[in-house]
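# have a look; sequence and predicted model below, questions after that.
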Amino acid sequence: MKKIPEAKVTAVADIKEKIKKSAGIALVDYKGLTVEQDTALRNDMRGNKVDYSVVKNTILRRAFNDLGIKDLDKYLKGPTAIALSYDDEIAAAKISSQNAAKYNKIALKAGYAEGKALNAEEINALAKIPGKEVLIAQILGLLTSPVRSLAVALSQIAEKKA
């Protein structure tokens, strides 16, 4: 049996810990980016609290398999970067998708959220969901709209009586 180098064992352990802590994962094909584009992409990820790194497919495969996530193996071909969001399930997918549209060179391969592996189509659909803050604002707007309408109507009635 072949002995696994300690650096690989450490790399697998590190990525496993990150995956365990993450709320959402996006696997990205980053081929074709220039150094400037890659730097901008990394800054965008960091600015949105998304952990982004290029990881060897064998390391990712071993980490996912050790965690019982077998459905992502088929996507671990070619250049692969992993984007992990810890607070928001869709942040990794959303930021990756926005950058894929911006640079037109990278693509989302797959993802993982809520205990389920997602193919490219599903992860792109997930990326289109508005962020948590936007959803909260929309719900608050819907909840306050009837009260605001009632207040306006009562105000108009009071003005007519006066």
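Ah, there it is. Numbering: from 1, shown residues only.
# mean pLDDT per helix and strand in the chain: which one sits at the bottom?
Among the helical and strand segments of the chain, the one scoring lowest on mean pLDDT, DSSP states H and E is helix 132-161, with a mean of 81.
# for that one, buried residues please.
Using 16 or more other CB atoms under 10 Å as the test for burial, helix 132-161 gives no buried residues. (Glycine included, C-beta is placed from N, CA and C.)
# before we move on, what about stretch 96-116?
96-97, 99-100, 103, 106-113.
# start and end of that stretch, how far apart?
With CA to CA, to the nearest Å as the measure, stretch 96-116 spans 18 Å from end to end.
# residue contacts, the residue most central in space within the chain?
Note on the chain: the residue nearest the mean C-alpha position is A92, at 1.8 Å, using CA atoms, centre = their mean. For A92, the contact set (CB atoms under 8 Å, 6 or more residues apart in numbering) comprises S22, G24, I25, A26, V50, A83, L84, S85, G111.
# and it, what element?
Assessed by DSSP states H and E, A92 sits inside helix 91-103.
# quick one: that helix to chain centroid distance?
Distance, stretch centre to chain centre, for helix 91-103: 8 Å (CA atoms, centre = their mean, to the nearest Å).
# any idea of the angle that helix forms with helix 132-161?
Between the axes of helix 91-103 and helix 132-161, defined by axes from the mean of the first three to the mean of the last three CA atoms, to 10 degrees, the angle is 90 degrees.
# next secondary structure after helix 91-103?
Assigned by DSSP H and E, the successor of helix 91-103 is strand 107-113.
# now the contacts of A92 in TSV, with distance to A40?
What follows is the contacts of A92, written out as TSV (distance: CB to CB, whole Å):
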residue	distance to A40
S22	23
G24	21
I25	21
A26	17
V50	14
A83	14
L84	19
S85	18
G111	22
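# so which two of these are the farthest from each other?
V50 and G111 (12.2 Å; CB to CB).
# domain parsing for this protein?
6-129, 131-162 (automatic domain parsing).
# any idea how far apart the tips of the first one sit?
Across its full length, domain 6-129 reaches 41 Å between end residues, using CA to CA.
# per-residue confidence averaged over that domain?
Mean pLDDT, computed over domain 6-129, is 91.
# now do it: distance to the chain's middle.
With CA atoms, centre = their mean, you get 8 Å for domain 6-129.
# what do you get for stretch 155-162?
Distance, stretch centre to chain centre, for stretch 155-162: 51 Å (CA atoms, centre = their mean).
# list the contacts of E89.
Taking CB under 8 Å, 6+ apart, we find E89 in contact with A23, G24, A113, E114, L126.
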